[in-house]
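Asks: Pasting the sequence and the predicted model now:
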Amino acid sequence: MTSTTKTPIYLDNAATTPVDPAVWQEMQPLFEHFTANPSSIHSHGRQAKVIVEKARKAVATLLNASPAEIFFTSGGTEADNTVIQSAVLYGGVKNIITSPLEHHAVLHTAEAWEKLGMAKVHLVQINSQGDIDLAHLETLLAENSNALVSLMHGNNEIGNLLDIHAVGALCQQYNATFHSDTVQTMGHFTHDVQALPVDFLVGAAHKFHGPKGIGFLYARAGAKFHPLMHGGAQERNQRGGTENVYGMVGLAKALSMAYENMDEHRTHIKSIKSYFIEGLVKRFPGIQFNGRSGEVDNSLYTVLNVRFPSVADGDMLLFQLDIEKISASGGSACSSGTSVGSHVLSALNPTATGAAIRFSFSKNNTKEEIDRVLEVLESLVK
């Protein structure tokens with residue numbers, strides 16, 4: 001059987017997930033029959049405004065928040081940028097405490113303000129498994145006032161989970177603002193903001209089977225921020241630009257479905273991940289799992305980061321998988337002439353060798369798909 005006749009297998013869900021058909025069905029009538037701008041004062045505009053606020057209320061209800069605490073954005077990156085920029089320009093923050101494992105939406109933004117001389121970036125120490133050193137975090141908080149702490153809940157590459165309650169308690173103790181990038185865990189874990197000691201959370205619809213180009217920022221009442229996008233009074237004067245009504249409706253539907261079916265999806269995806277780990281360990285003696293991703297009950301259950309010590313070229317392995325119509329993503333701790341590698345894996349172990357591949361799962365994956373991936377990997381690696 002040639003590769004052109006093989007059914008594609010998608011294992012890059014941490015990058016983006018396919019839109020659920022029920023989400024598209026919710027959005028489709030708006031594309032076909034609805035054109036009004038929610039900022040318009042006529043009846044069509046008022047109807048659009050009602051749709052927007054209904055979506056906002058749906059998101060707020062799921063997070064146990066007030067609708068006034070939910071602000072729609074273009075995605076997680078914009079939400080992260082909004083919090084960090086606002087804290088530095090308007091919030092009096094002079095110190096940004098983060099980690100070397102953060103998404104570039106956080107790291108690059110923090111570094112940009114440091115280069116401008118507006119704030120100092122402090123990196124909390126991590127161990128070889130990617131765990132945050134809470135004792136060092138407390139030291140940084142004690143030594144640096146006016147701090148913004150930005151630490152992600154679930155790492156997109158190695159699946160490590162942050163103890164949000166412990167970090168939040170430290171931030172409250174030292175009067176620091178706490179922002180957590182929850183893009184990877186939103187829709188996969190329950191977020192009850194009444195129980196979480198956080199000031200800001202973020203979400204992106206395309207990580208939980210919603211449309212791309214729409215996300216949101218949760219800002220706790222009293223946690224002030226200023227607009228990143230200027231040019232209009234939308235989002236209660238906090239984000240200029242005509243509202244993405246279709247996207248908001250799709251996000252609300254996708255998140256509602258994720259919460260409604262979360263236990264079922266978690267059980268299914270964990271079984272897929274466990275099955276894959278068992279197959280890998282059996283077929284590839286000496287295989288390694290980066291970070292905590294190999295610990296099914298102690299990591300982001302959608303992510304598995306695998307290191308093949310005997311394979312020198314991770315990019316070639318990804319290319320060969322792609323030829324077999326298997327989609328995954330990669331990263332190498334070591335830079336080469338063609339790739340700078342993964343900053344996350346480099347921070348964990350800069351001297352590690354071998355190809356690192358991230359496989360990430362969704363509710364749509366099956367054990368039959370995993371069987372085929374294992375067979376293909378065995379033929380390629382051996």
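Replies: Yes, it's here.

Asks: give me the number of residues near the closest residue to D192 other than its chain neighbours?
Replies: Leaving aside its chain neighbours, D192 sits nearest to N64 (4.7 Å; criterion: CB to CB, 6 or more residues apart in numbering). Heads up, the C-betas are built off the backbone N, CA and C, glycines and all. N64 sits with 13 neighbouring residues when counted by other CB atoms under 10 Å.

Asks: Surely R358 is within a helix?
Replies: No. According to DSSP: H, G, I helix; E, B strand; the rest coil, R358 belongs to no helix; its state is strand.

Asks: who does the helix or strand hosting E32 touch, helix- and strand-wise?
Replies: In this assignment (DSSP states H and E), E32 forms part of helix 21-33. With contacts defined as 3 or more CB pairs under 8 Å, 6 or more residues apart in numbering; DSSP states H and E, helix 21-33 has these neighbours: helix 245-260.

Asks: what's in contact with the helix holding E32?
Replies: Applying CB atoms under 8 Å, 6 or more residues apart in numbering, the external contacts of helix 21-33 come out as 51, 209-211, 245-246, 249-250, 253-254, 257.

Asks: can you list the weak-confidence ranges in the stretch 251-382 of the chain?
Replies: Residues of the stretch 251-382 of the chain meeting the criterion pLDDT under 70: 331-340.

Asks: Would you agree Y301 falls within a helix?
Replies: No. Applying three-state DSSP, one finds Y301 to be coil, outside a helix.

Asks: who touches it in this structure?
Replies: 159, 188, 266, 269-270, 273, 361.

Asks: Of those, grab the buried ones for PyMOL.
Replies: Buried members of the contacts of Y301, defined by 16 or more other CB atoms under 10 Å, are picked up in PyMOL with:
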select buried, resi 159+188+269+273+361
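
Asks: Which of the contacts of Y301 fall in strands?
Replies: Counting by DSSP state E, these place none of their members in strands.

Asks: and the two most separated of the contacts of Y301?
Replies: G159 and R266 (13.8 Å; CB to CB).

Asks: how long is stretch 352-372 end to end?
Replies: Criterion CA to CA, to the nearest Å; first-to-last residue distance in stretch 352-372 is 28 Å.

Asks: in it, what counts as buried?
Replies: Within stretch 352-372, the residues that qualify as buried are 352, 354-365, 369-370, 372, counting by 16+ other CB under 10 Å.

Asks: residue ranges of the strands in the stretch 1-150 of the chain, please?
Replies: 9-10, 70-73, 95-98, 120-123, 147-150 (DSSP state E, counting those that start in this stretch).

Asks: picking that back up, closest one to K120 out of the buried residues of stretch 352-372, please.
Replies: Nearest to K120 among the buried residues of stretch 352-372, with distances taken as CB to CB, is A352, at 29.9 Å.

Asks: Check which helix or strand the closest one maps to.
Replies: Using DSSP H and E, A352 falls within no helix or strand.

Asks: my guess is it meets R307, correct?
Replies: Yes. Between A352 and R307 a contact is recorded at 6.9 Å, counting by CB atoms under 8 Å.

Asks: residue ranges of the helices in the chain, please?
Replies: Under the criterion DSSP state H, helices of the chain are mapped to 21-33, 43-63, 76-89, 104-115, 134-143, 164-173, 234-237, 245-260, 262-283, 314-323, 343-348, 367-381.

Asks: which residues are contacting the second one?
Replies: Contact partners of helix 43-63, identified using CB under 8 Å, 6+ apart, comprise 30, 34-40, 65-67, 69-70, 72, 191-193, 201, 203, 216, 218, 243, 245, 248-249, 251-252, 255-256, 259.

Asks: if you set the cut-off to 7 Å instead, what comes out?
Replies: Identification of contacts with helix 43-63 by CB atoms under 7 Å, 6 or more residues apart in numbering yields 36-39, 66-67, 69-70, 191, 193, 216, 218, 243, 245, 248-249, 251-252, 255-256, 259.

Asks: go on, the third one?
Replies: Counting by CB under 7 Å, 6+ apart, the neighbours of helix 76-89 from elsewhere in the structure are 73, 93, 96, 105-106, 109-110, 113, 118-119, 148, 150, 177, 179, 181, 183, 200, 202-204, 215-217, 225-226, 228.

Asks: Same question for that helix: list its buried residues.
Replies: Neighbour counts over helix 76-89 (16+ other CB under 10 Å) mark 76-88 as buried.

Asks: What count of nearby residues applies to the closest residue to L201 other than its chain neighbours?
Replies: Distances taken as CB to CB, 6+ apart place Y218 nearest to L201, at 4.2 Å, with adjacent residues excluded. When neighbours are counted by other CB under 10 Å, Y218 registers 26.

Asks: before we move on, what about E138?
Replies: E138 has 16 nearby residues by other CB under 10 Å.

Asks: pLDDT value on the residue nearest to it when sequence neighbours are not counted, please?
Replies: Distances taken as CB to CB, 6+ apart put L170 closest to E138, at 5.5 Å, once the chain neighbours are dropped. L170 is assigned 98 on the pLDDT scale.
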